[in-house]
Structure formats: structure tokens, C-alpha cells
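Okay, here's the prediction I keep looking at, along with the sequence it came from:
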Amino acid sequence: MGGGEAGTSTTRAAGPGLGPWVAAALVFGSSAAVLVVELVALRLLAPYYGLTLETNTMVIGLALTAIAVGTWAGGSSADRVAPRHLLGPLLGISGAAVALTPTLVRGAAASGNPGLLLITATLSILVPGALLSAVTPVVIKLRLTSLHQTGSVVGHLSGVGTVGAIVGTVLTGFVLISRVPVSGILVGLGIVLLVTSVAVQVAGRRGRGDVVLGLVVALASLGAALSPSGCDVETTYHCLAVTADPDRSTGRTLVLDGLRHSYVDLEDATHLEFAYVEAMASVTDTAFAENEPLAVYHLGAGGLTLPRYLSTTRPGTTSDVSEIDAGVVAADVRLLGGSLPDGVEVDVEDGRLAIADLSPDSLDLVVGDAFGGVSVPWHLATVEAVGGLEEALAEDGVYVANLIDFGPLDFARAAVATTAEVFDHVALLAEPSALAGEDGGNLVVVGSDAPLDVAAVVEAMGERDLAWDALAGDGLDDWIGDAPVLTDDYAPVDQLLTPYSR
């Protein structure tokens, strides 16, 4: 009898029970919420840190750290405190933290203090992520009414949590971000978590604590509505704004994630405000006969500045544009009075996929001006991508692309080396300080299988009062140095653009 009694006692666990469907719902929802916070954080931080590999790595690393800390702390706490008493505070406090995130992050950014922004951004992922991740071990503790069930309970709830994380990822990426502003997603999630917190409280626990958290969420909603986001609209990929030029009544600047991407004069398509666009126009004006209509393909729409210029200066020109962000296209249509310029057609698509559909020898000009933050998307910078564009160009066709780089210009050198791998003749246009390796900014690379009249391009830029110069031939080879050729197998674009490679 004594042995039998001892055996029975080892099969019992300390925690009170929790219904299986309630347990599954809590684990599913909290796991989904962690991934919603992670993905939305990428969008929230993009205007301040860019959409780079490093930003993605930082956010994913912080989210995984939060999951690890929360799981460990939640399991440890559940062994020391009545688990049911933990669930409400975990959900309620995480809801308040999530709802406050847009206000706190944007407020820190507005302060101009980079250290404060970094700390705020870090805590905005760590705090709610850890609290939400603690829910699963607490629920498991409540479900373990018998140690004979340990494997099935842990396995089932872990599986449910994984499914929740998948659903949170898919729902955010395919539905929420394309339909709801970032602040709306976070405040809405905060409200859901707070309501769930109240729902799981035992009788007598729904007191001032939940009232206080409710007030926090309400204030967070107000703060999110009032805090400046810098966006006229949040598109699938960008925080987008259109600003008026105080010095030119018809001038408008397209701002994506806080960066000036395009300038449009609503009444004069020949007015080119940005220097790199003037350089591209100078190439076009010298490479082709005056008023000659062209067949053009553009990677990236921006404000459709160059398509409008070509449509005006070369009547009959057809410009096919690939733009991945439908929100940018919609903004362009609104900006330009509800319709696109004559001869301009925009497809919402990834430019790399569109390259494969271009007809060989069908184009006179290809313009590369697609950016994610300040960098060219890596899959558009490789020798395979540039080679596909070269095949679509006629024998005397011209490829011209905008680059942005600073410091030692590691990425710019690699991009030019890649272009030189494909085309027989290559030139680089930029300010003399950039060509000398002393400064950075915009640079324009030009490639063609036909000889380039570089001197004529420099003269045309001078006529526009553009103090840019050009490198070609041996001088350009020296400038490129031992820079790598970018390929689909090796294209460390983000690293070449960051201080880590310097």
C-alpha cells in the first residue's frame, strides 16, 4: 500500500485545470500576436532604419530573444506563483505595451535622439514579445493535471503555438498591412489583448488593475492618432508622403520612408529637380536623335519623373514601368490628376520577374531606379538581372541606372563592375568628389554594347548647369579596382552599403 500511494502521488501535478479549448485559444492567440508585433515592427522602424538586411536581422533577433526570455521566465514563474493569477496581467500588460508602441517609437524619433530611438525600438519588441511568450508555459502548467499527460499536453500546445505563429505571419503580411495602418494594427491588437485579459480573470480579480490598463490603451489610441507618422498613406511597402515645394508652387516631392525619392513639377514635365535625373536625361538626349520616340522600360516608378519627361520631349515614346508597390502607383495617379502620361503603362510587379518577360532586342532604353530605402534591391543588382536587361535592348540600346552609396563606395564599385561584366562600353557619371572617392551620394552608371559619347554627355550635363563629370575606359577600371561582380549566388548589397565592410 505504501508503495502504491507513493506512485500515485508522483503522477499528480500541482496546477488547477484549464479547459483544452481555452488553453489552445490562449496559446494560439499569444503566439500569433508575437509574430504580428515582429512584422509590424519592421514597418514601423523602416522610416528611421530603412528596410535593410541589418534591420530585418535586428528585429528577428530581438523577437527570438523575447521568445526565449519570455518562455523561460514564464515557466519559472508558473512554478512559483499560482499560474491562473499570471495570465491576466501577462495579456493585459502586453496589450498596453503593444498599443503604446507607435506613440513611443514615433515620439522618440521626433526627439532627434538616436540613442533614445534605439532603446525605444528595442523595448517595443522585447517587452510585449517576452510577456506574450510567457503565456504558453503558464497555460501548459495549468493543463498539466497529471504527469502522465506531459508529452501530449506539451506537444499539442507547442503545435498550436506554431500554427498560431504561422497564422499571425500570413494574416499580417497578406491582409493587415495592406489594409490597416501600422498604428491601427498595434492599437487594435492591444485592445484585443486587454479584452482577453479581462475575460480570463477569475471573479474578484477584475478591479482597478484592468481599469488602469484600459486607460493606458485608450491613451495609446489617442497618442497613436495624434503622433506624427510622416505618412500621407501607409502602402504595402512604404510610409508614403507627398510634400509641396515651398519655392515652386507646382513642385511636389514623393517621400518614401522619410527619403526624398522623386520630384514632380505638375505643370512642367521638363523641369528635373534632382541631379541624377538630369544626368539620366543628358544621356538620353545625347544617345538618341532629337525628338526620336523610344521604346523604354523602367525598373521602379517613383514619381514617374523620367517617363513624363520622355513623353513630353519625345512624343510617341512608350514607357513600360514595373513598380512593386501599388500604393506608389495610386499616389502617382492622384498626383498627376487621375491619369498617367501618354504612352506610360505601369504594372504592379516585381521588376526581376518582369525582366524574364521582356522581348529580346525590343528596347531602346532601360532605366534602373528601384530602391528599398537607399539601396537597390539586391536581386536587381546582379549580373543575371543586368544580363536580362541587356538581352532586351537593341544593338545600340542604352542602360542607365541610379546608384546611391557613401564612404568608400563599395557597393557602387561592385554595381559598376557588374554592369561592365555585361556591357561592352560603360561610363560612370557623378560629382567629381564622388568619382575621386572623397564623397558619396547619387551616381549614374551607363552601359551599352555600342560606343558611348561620354564627352557629349558631359557637355549636355554642363548645359544643364550640372557640375558632374564622367569616368570611362582605363580611368573607370582603376576606379572599380577589385570590386566583386554581384551574382544571384553572391550579392551582399546591404553589407557593402554599411560600415561593417569598411
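Perfect, I can see it now. Numbering: from 1, shown residues only.

So what's the residue count around the closest residue in space to Thr169 that isn't next to it in sequence?
Residue nearest to Thr169 in three dimensions, not counting chain neighbours: Leu35, with 4.7 Å by Cβ to Cβ, 6 or more residues apart in numbering. Any C-beta I mention is one placed from the backbone N, CA and C, and that applies to glycine too. When neighbours are defined as other Cβ atoms under 10 Å, Leu35 has 23 of them.

Asp439 too?
Using other Cβ under 10 Å, Asp439 has 14 other residues around it.

List the residues that contact the residue nearest to Thr169.
Ala63, Ala165, Gly168, Thr169, Thr172 (Cβ atoms under 8 Å, 6 or more residues apart in numbering).

With distance to Gly258, secondary structure and neighbour count as added columns, please give those residues in TSV.
Shown next, in TSV, are the contacts of Leu35 (distance: Cβ to Cβ, whole Å; DSSP: H, G, I helix; E, B strand; the rest coil; neighbours: other Cβ atoms under 10 Å):
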residue	distance to Gly258	secondary structure	neighbour count
Ala63	23	helix	22
Ala165	30	helix	20
Gly168	27	helix	24
Thr169	26	helix	16
Thr172	22	helix	23
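
Turn those into CSV, including distance to Pro484 and pLDDT.
Listed next are the contacts of Leu35 as CSV, based on distance: Cβ to Cβ, whole Å; pLDDT from 0 to 100:
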residue, distance to Pro484, pLDDT
Ala63, 32, 95
Ala165, 37, 94
Gly168, 38, 93
Thr169, 34, 94
Thr172, 35, 91
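
Mind putting these into CSV with distance to Arg464?
Listed next are the contacts of Leu35 as CSV, based on distance: Cβ to Cβ, whole Å:
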residue, distance to Arg464
Ala63, 48
Ala165, 54
Gly168, 51
Thr169, 48
Thr172, 45
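
In which helix or strand does the closest residue to Phe274 other than its chain neighbours reside?
Distances taken as Cβ to Cβ, 6+ apart place Tyr263 nearest to Phe274, at 5.6 Å, with adjacent residues excluded. Counting by DSSP states H and E, the element that carries Tyr263 is strand 259-265.

strands paired with that strand, and their directions?
According to DSSP bridges, strand 259-265 forms sheet pairs with strand 248-256 (antiparallel).

Restrict the strand it pairs with to CA atoms and write it as PDB.
The C-alpha trace of strand 248-256 is given here as PDB (Å, rounded to 0.1, in the frame of the first residue of the first chain):
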ATOM      1  CA  ARG A 248       7.900  76.300 -56.500                       C
ATOM      2  CA  SER A 249       4.100  76.200 -56.300                       C
ATOM      3  CA  THR A 250       3.800  73.400 -58.900                       C
ATOM      4  CA  GLY A 251       6.500  71.200 -57.400                       C
ATOM      5  CA  ARG A 252       5.800  68.100 -55.400                       C
ATOM      6  CA  THR A 253       8.300  65.600 -53.700                       C
ATOM      7  CA  LEU A 254       7.500  62.000 -53.300                       C
ATOM      8  CA  VAL A 255       8.800  60.900 -49.900                       C
ATOM      9  CA  LEU A 256       9.100  57.100 -49.100                       C
END
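
what distance separates that strand from the centre of its chain?
23 Å (Cα atoms, centre = their mean, to the nearest Å).

follow-up on the earlier one: for the following helix or strand past the strand holding Tyr263, what is the distance to the chain centroid?
For strand 259-265, the succeeding helix or strand toward the C-terminus, using DSSP H and E, is helix 275-287. Distance of helix 275-287 from its chain centroid, counting by Cα atoms, centre = their mean, is 29 Å.

what's in contact with helix 275-287?
Helix 275-287 has contacts (Cβ under 8 Å, 6+ apart) with 263, 272, 294, 305-306, 309-310, 313, 365, 367, 398, 400, 402, 429, 431, 442-444, 446, 448, 452-453, 456-457, 459-461, 464, 466, 468.

Please pick the buried ones from the residues you listed.
263, 272, 294, 305-306, 309-310, 365, 367, 398, 400, 402, 429, 431, 442-444, 446, 448, 452, 457, 460-461, 466, 468 (16 or more other Cβ atoms under 10 Å).

Which ones among those map onto strands?
Applying DSSP state E to these, the entries found in strands are Tyr263, Leu365, Val367, Val398, Val400, Asn402, Leu429, Asn442, Leu443, Val444, Val446, Ser448.

Can you show me the strands along the stretch 351-500 of the chain?
Secondary structure of the stretch 351-500 of the chain (DSSP state E, counting those that start in this stretch): strands at 363-368, 393-405, 425-430, 441-448, 469-472.

still on that earlier bit, I'd like to know which of the contacts of Leu35 is nearest to Pro181.
The shortest approach to Pro181 among the contacts of Leu35 belongs to Thr172, at 13.0 Å (Cβ to Cβ).
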